[in-house]
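*Asks:* Okay, structure incoming, though there's no sequence with it:
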């Protein structure tokens, strides 16, 4: 069975990418795809081992997501080979990933907001310097994008299964 893998990427791997990781993990589990979808999160400027921001964790918890087991890590060169999608939260993170990504794998680098089902901004804004409202807005945007991402992953897994049977 082929796995599909996704890594969410922001700057510090403290707010946006762990929030997306937690939301998408729950969406995948609810769809019965946990054994087929590998999910991770990383940061373009992250240190290793930090917990998600307490405000991000509190906001996520209020909406039924658990981020308590997630720890920060930096993006590493092998991520470009290991993950089918590297989903950046904004233009700066996308640019950073594209500079590091081998040319044949550039199509794997995309923005999370490309998967939004409803019109939003082109980026998931960084809530680090905002208040609780900022974290709520970011989580709502991530939830919408993860719904669209789940549909995309389901389609990709169906294509993989169809190709394997042929």
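*Replies:* Okay, I see it. Note that this is a predicted model, so its numbers are computed, not measured. Numbering: from 1, shown residues only.
*Asks:* C-alpha only now, for contacts and for neighbours.
*Replies:* Fine.
*Asks:* In contact with residue 155, which residues are there?
*Replies:* Contacts were defined as Cα atoms under 8 Å, 6 or more residues apart in numbering; by that measure residue 155 touches no other residue.
*Asks:* ranges for the strands of the chain?
*Replies:* Here the chain has its strands, by DSSP state E, at 4-10, 37-43, 85-88, 109-111.
*Asks:* Just name the most buried of those.
*Replies:* When you average the neighbours per residue for each of these (mean count of other Cα atoms under 10 Å), strand 85-88 leads with a mean of 27.
*Asks:* quick one on the thing from earlier: may I see the strands of the chain arranged in JSON lines, with mean pLDDT and distance to residue 142 as well?
*Replies:* Rendered in JSON lines, the data for those read as follows (pLDDT from 0 to 100; distance: least, Cα to Cα, whole Å):
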{"stretch": "strand 4-10", "mean pLDDT": "98", "distance to residue 142": "11"}
{"stretch": "strand 37-43", "mean pLDDT": "98", "distance to residue 142": "13"}
{"stretch": "strand 85-88", "mean pLDDT": "98", "distance to residue 142": "12"}
{"stretch": "strand 109-111", "mean pLDDT": "98", "distance to residue 142": "11"}
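*Asks:* got those as a markdown table, with distance to residue 129 columns?
*Replies:* Formatted as a markdown table, these follow (distance: least, Cα to Cα, whole Å):
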| stretch | distance to residue 129 |
| --- | --- |
| strand 4-10 | 15 |
| strand 37-43 | 17 |
| strand 85-88 | 19 |
| strand 109-111 | 22 |
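*Asks:* which stretch among those strands comes nearest residue 18?
*Replies:* strand 37-43 (6.0 Å; Cα to Cα).
*Asks:* Go through the chain and flag its longest helix.
*Replies:* As far as residue count goes, and with DSSP state H defining each element, the longest helix of the chain is helix 132-165.
*Asks:* what residue ranges in this protein score low on pLDDT?
*Replies:* Residue ranges of the chain with pLDDT under 70: 1, 160-166.
*Asks:* Apart from its neighbours in sequence, what residue is nearest residue 121?
*Replies:* Nearest residue to residue 121 in three dimensions, chain neighbours excluded: residue 113, at 7.5 Å (Cα to Cα, 6 or more residues apart in numbering).
*Asks:* Correct me if wrong: residue 12 contacts residue 48.
*Replies:* No - in this structure residue 12 lies outside contact range of residue 48 using Cα atoms under 8 Å: 9.7 Å.
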